[in-house]
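Enquirer: Pasting the sequence and the predicted model now:
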Amino acid sequence: MVARSSEVRPTAVRHSASSRAGGRRGRRAGRLAGLGFSGAALLVLLTGCDVGAAFGGFGWPQGGITPEARRMYDLWIASCVAALAVGFFVWGLIFWCIVRYRKRGNELPVQTRYNLPMEFLYTIAPVLIVSVLFYYTAVVQTDVVKTTNNPDVTVEVVAFKWNWQFNYRDGQGVDAETTASVLGTSEVIPILVLPTGRSIRFEETSRDVIHSFWVPEMLFKRDVFPGSIRNEFQVSSLETEGAYVGRCAELCGSYHAFMNFELRVVSPENFDRFLAAKQGGASTQEALTSIGEEPYAITTRPFETRRDESNFNPDTAPAGTGS
Ligand SMILES: [Cu+2]
């Protein structure tokens, strides 16, 4: 019996030793894989590599027309890539554990506790990841909301139920003067004409309730408040000429959904000519025609707000709704 016992023990010891060696190799491989994924994610973050185009922007709107929009897009793509890298690493570990430590018999596996490198890894790694994401988010946000003292163009955005007025200003703040103005009506969509290649400040105010100025291609919207609060933001340039629909993005009343406008981005020369024509007394449509642009909005149209027999039945309407 003793002889048999002494024969068994060295085998058990060898087996245990090889298990520990295998565990160390596994941990080392896990750490290396983690470092590899973190390095790849960091590389993508630092280089701003546009891998998102192949994946539809990971759900983020593509085609931003400002440098700020592109920076927000790059941040989103880098965050998605980093999240996927972490996800694949964790999924890999899960499947590896399922296979490596599957049940092979009734013997209880070696029980280990207080794996300091592992605990260090799963404490420090998330903190590092969140710190990196926070840093880049703060950098991009600071850049996006940044304003300068002397923008090339300043536009006052005036919102009211349910349309827009755009005032071209000769300076910043409430004391500046309006040099030309575009006013929307129920029949005509207001067209905000702006140039490429120039910095533009938007100063917002509302005549009644809270609205929100939103051009989807800028990937940016900002609430428009009534009273003394004058929200503002700035884009360093508009990069692509064209017509872009603009919307109110704050539920402001019955016809909120119809509160559209159009942003028309033209060359700086045409913008100067448009502004000169407006200041010379031309209507917005005449000024647009004079620079070879479509006089009316092409991205949206006025909505029929009047009720008639086809969309309103006074006999079934609640009392007090008029006729
Ligand atoms: Cu509104």
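Expert: In hand now; what should we look at?

Enquirer: For the protein, give me the ranges with low pLDDT.
Expert: 1-50, 305-323 (pLDDT under 70).

Enquirer: How are the helices of it distributed by residue range?
Expert: 2-47, 67-100, 116-144, 268-279, 284-290 (DSSP state H).

Enquirer: and the chain, which residues reach the ion?
Expert: 211, 248, 252, 256, 259 (CB under 5 Å from the ion). The C-beta positions use only the backbone N, C-alpha and C, and glycine is treated the same way.

Enquirer: most surrounded residue in the residues you listed?
Expert: Per-residue neighbour counts (other CB atoms under 10 Å) across these peak at residue 211, which has 30 neighbours.

Enquirer: What's the end-to-end length of stretch 234-254?
Expert: End-to-end distance of stretch 234-254: 30 Å, with CA to CA, to the nearest Å as the criterion.

Enquirer: ignore the last one, stretch 135-153
Expert: Across stretch 135-153, first to last residue, CA to CA, it's 31 Å.

Enquirer: From the rest of the structure, what touches that stretch?
Expert: For stretch 135-153, the external contacting residues (CB atoms under 8 Å, 6 or more residues apart in numbering) are 45, 68, 71-72, 75, 78-79, 168, 172, 194-195, 198-201, 220, 232-234, 271.

Enquirer: excluding its backbone neighbours, what's nearest residue 221?
Expert: residue 214 (3.5 Å; CB to CB, 6 or more residues apart in numbering).

Enquirer: Next, the contact list for the one you found, please.
Expert: 220, 221, 246, 247, 248, 249.

Enquirer: how deep is the first one tucked in, by neighbour count?
Expert: This points to residue 220. 19.

Enquirer: Return the residues in contact with whatever residue of the stretch 1-150 of the chain ends up closest to the ion.
Expert: Nearest to the ion in the stretch 1-150 of the chain, going by CB to the ion, is residue 61, at a distance of 20.7 Å. By CB under 8 Å, 6+ apart, the residues touching residue 61 are 216, 217, 219.

Enquirer: could you redo the last one with a cut-off of 10 Å?
Expert: 69, 72, 73, 76, 216, 217, 219 (CB atoms under 10 Å, 6 or more residues apart in numbering).

Enquirer: Got the domain ranges for the chain?
Expert: 2-103+113-144, 153-290 (automatic domain parsing).

Enquirer: is it true that residue 179 touches residue 168?
Expert: Yes. Counting by CB atoms under 10 Å, residue 179 touches residue 168, with 5.3 Å between them.

Enquirer: Selecting buried members of the contacts of stretch 135-153 in ChimeraX, what would you type?
Expert: Listed next is the ChimeraX selection for buried residues among the contacts of stretch 135-153, using 16 or more other CB atoms under 10 Å:
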select :45,68,71,72,75,78,79,168,172,194,195,199,200,201,220,232,233,234,271
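
Enquirer: so residue 86 touches residue 129, yeah?
Expert: Yes. Shown here, residue 86 and residue 129 form a contact pair, counting by CB under 10 Å, at 6.6 Å.

Enquirer: Next, count neighbours for residue 133.
Expert: Residue 133: 17 neighbours (other CB under 10 Å).

Enquirer: now it, nearest residue through space, not along the chain?
Expert: Nearest to residue 133 is residue 79, by CB to CB, 6+ apart, at 6.1 Å.

Enquirer: Hmm, that neighbour is touching residue 59, no?
Expert: No. Counting by CB under 10 Å, residue 79 does not reach residue 59; the two are 11.7 Å apart.

Enquirer: Could you pull out the strands in the stretch 151-300 of the chain for me?
Expert: Ranges of strands within the stretch 151-300 of the chain are 153-160, 163-169, 178-183, 191-195, 200-206, 211-215, 220-224, 232-235, 242-248, 261-266, based on DSSP state E, counting those that start in this stretch.

Enquirer: Would you quantify the distance from residue 218 to residue 255?
Expert: 23 Å (CB to CB, to the nearest Å).

Enquirer: These two: which is more packed in?
Expert: Using other CB under 10 Å as the criterion, residue 218 and residue 255 rank with residue 218 on top: 22 against 14.

Enquirer: residues in contact with that one?
Expert: Taking CB under 10 Å, 6+ apart, one finds 64-66, 68-69, 72, 202, 233, 235, 238, 244, 246, 263 in contact with residue 218.

Enquirer: thought residue 259 was touching residue 206?
Expert: No. When contacts are counted by CB under 10 Å, residue 259 is not listed as touching residue 206 (11.5 Å).

Enquirer: Give me the buried subset of the contacts of residue 218.
Expert: Counted by 16+ other CB under 10 Å, the contacts of residue 218 give 64-66, 68-69, 72, 202, 233, 235, 238, 244, 246, 263 as buried.

Enquirer: is it true that residue 154 touches residue 166?
Expert: No. Under the criterion of CB under 10 Å, residue 154 is not in contact with residue 166, lying 11.0 Å apart.
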